[in-house]
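*Asks:* Quick check, what structure comes out for this input:
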Amino acid sequence: MTPDHGPLLYEGKAKRVFAADQPDRVLVEFKNDATAFNALKRAELEGKGRLNCQISARLFEMLEREGVPTHYLGLAAETWMLVQHVDVIPLEVVIRNVATGSLCKQTPIAAGTELSPALLDLYYKDDNLGDPLLSESRLQLLGLISSQQRLEIEQLARRVNQLLLSFFESLDLLLVDFKLELGLNSAGQLLVADEISPDTCRLWDHRNSDPQARILDKDRFRQDLGGVIEAYGEILKRVQGV
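*Replies:* The predicted structure follows:
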């Protein structure tokens, strides 16, 4: 079912954003497209949009119950979400609880090393530039956020990390790392936006010790492991079972 919506406002790699019945709201459609390596690798996976939409909805609802402000207003259909309109801050906030992926390629840190406290990195959100890692000096040079907003972003992201870590642990899942996008609503309030799903989180299954079989996230697509939809379905089943 497709809800009534206005014109298309924006289309990204995994979602389309449409105008809604009020100017401070938009409707987000989750697509079946899968991309990796800055969209150099692409595929369409039937059912992926529904899974990511439903998983994100449950996680936003959990965060809201814990007092974390998000853009989420509710589900409009199986693959559609109603959210607050936000001015997205052009930063990707990445929190790493366990070393893997690019961190291990760029540093001598061994894969699987627990990071305590969690490492928080900021990346400039620009596909044409390859979403580069920002140093504090470059962040100040670009003037994207104030020093106060920088503090608020880190506090909010670390709060989200603690809640997600605990929540996923209760589902026998390890939150290895994840990406957050944040935005400001019409009142200037900082909100968690975009999505929280296996597309944006690395999740390992505590119930499986095999280093490949335990992967229940987008790395299955990146590494050509197969079973992407089955892995995402397992995440939804556990999240819904809470």
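*Asks:* Contacts for the lengthiest helix in the chain next, please.
*Replies:* For the chain, the longest helix by residue count, based on DSSP state H, is helix 147-169. Residues from elsewhere that reach helix 147-169 (CB atoms under 8 Å, 6 or more residues apart in numbering): 59, 62-63, 66, 68, 89, 91, 93, 95, 97, 118, 120, 122, 139, 145, 174-175, 178, 180, 182, 190, 192, 196, 201, 203, 242. (Glycine included, C-beta is placed from N, CA and C.)
*Asks:* got the contact list for Glu114?
*Replies:* For Glu114, the contacting residues are 97-99, by CB under 8 Å, 6+ apart.
*Asks:* and those residues, which of them are in strands?
*Replies:* 97-98 (DSSP state E).
*Asks:* so which of the contacts of Glu114 comes closest to Lys218?
*Replies:* If you rank the contacts of Glu114 by distance to Lys218 using CB to CB, Val98 comes first, at 15.8 Å.
*Asks:* Buried ones among the contacts of helix 147-169?
*Replies:* Buried by 16 or more other CB atoms under 10 Å: 59, 62-63, 68, 89, 91, 93, 95, 97, 118, 120, 122, 139, 145, 174-175, 178, 180, 182, 190, 192, 196, 201, 203, out of these.
*Asks:* Give me the subset of the residues you listed that lies in helices.
*Replies:* 59, 62-63, 139.
*Asks:* so how far is the longest helix of the chain off the chain centroid?
*Replies:* Put simply, helix 147-169 sits 13 Å off its chain's centre (CA atoms, centre = their mean, to the nearest Å).
*Asks:* Stretch 62-71 too?
*Replies:* Distance of stretch 62-71 from the chain centroid (CA atoms, centre = their mean) equals 15 Å.
*Asks:* what domains does the record give for this protein?
*Replies:* Domain segmentation of the chain under automatic domain parsing yields 8-84, 87-226.
*Asks:* need those in TSV with distance to Tyr232 and mean pLDDT, can you?
*Replies:* As requested, those are exported to TSV (distance: least, CB to CB, whole Å; pLDDT from 0 to 100):
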stretch	distance to Tyr232	mean pLDDT
domain 8-84	4	96
domain 87-226	5	97
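*Asks:* Let's have those domains in CSV, adding distance to Thr2.
*Replies:* Listed next are the domains of the chain as CSV, based on distance: least, CB to CB, whole Å:
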stretch, distance to Thr2
domain 8-84, 7
domain 87-226, 19
